[in-house]
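Q: Quick one, structure for this:
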Amino acid sequence: MSISIVQLGSPRGADEGLRIGTVRRPPRGVPKAEFASRDYYDTWLPQLAPSAELMAEGKSATSEEDWARFARHYRAEMSAADTSRVLDLLAALSHGTHFAVGCYCEDEKRCHRSLLRELLAERGAVMRD
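A: Take a look at the predicted model:
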């Protein structure tokens, strides 16, 4: 059992399980009834997305220092009690079932999902490469 980190809208992997969107906004131009069938997500957890202000900061990061600042701020947002409990829950669930979390960004290295991968692993989640 494990968690996959994925780009939403990409083809689902074998045994991926439930796909969770960690984005602020649903996919544009896609009817809600088609989110899952178009490989976006089965359920939505916008609490795990960066705030709108922080998302703008992340998108404008051009240097390693900018990205490190974004990462610190995102980790701070994820340390709030409600989001921290959601991360703990996902880490615990990874020991009993396969599922995936993701967002739309093409490059995971410059995306909050790379930080989600770290946060989940730090909580003992079973991660899939």
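Q: Centre of the chain to the helix or strand where Trp67 lies, how far?
A: Per DSSP states H and E, Trp67 falls inside helix 64-78. Relative to its chain's centre, helix 64-78 lies at 15 Å (CA atoms, centre = their mean, to the nearest Å).
Q: Buried residues, it. List them.
A: If you call a residue buried by 16 or more other CB atoms under 10 Å, then helix 64-78 has these buried ones: Trp67, Phe70, Ala71, His73, Tyr74, Glu77, Met78. Yep, even glycine has a C-beta here, placed from its N, CA and C like the rest.
Q: Counting neighbours, what do you get for Asp129?
A: 5 (other CB atoms under 10 Å).
Q: Return the distance of it relative to Ser60.
A: 29 Å (CB to CB, to the nearest Å).
Q: how near is Glu64 to Phe70?
A: Distance, Glu64 to Phe70, by CB to CB: 11 Å.
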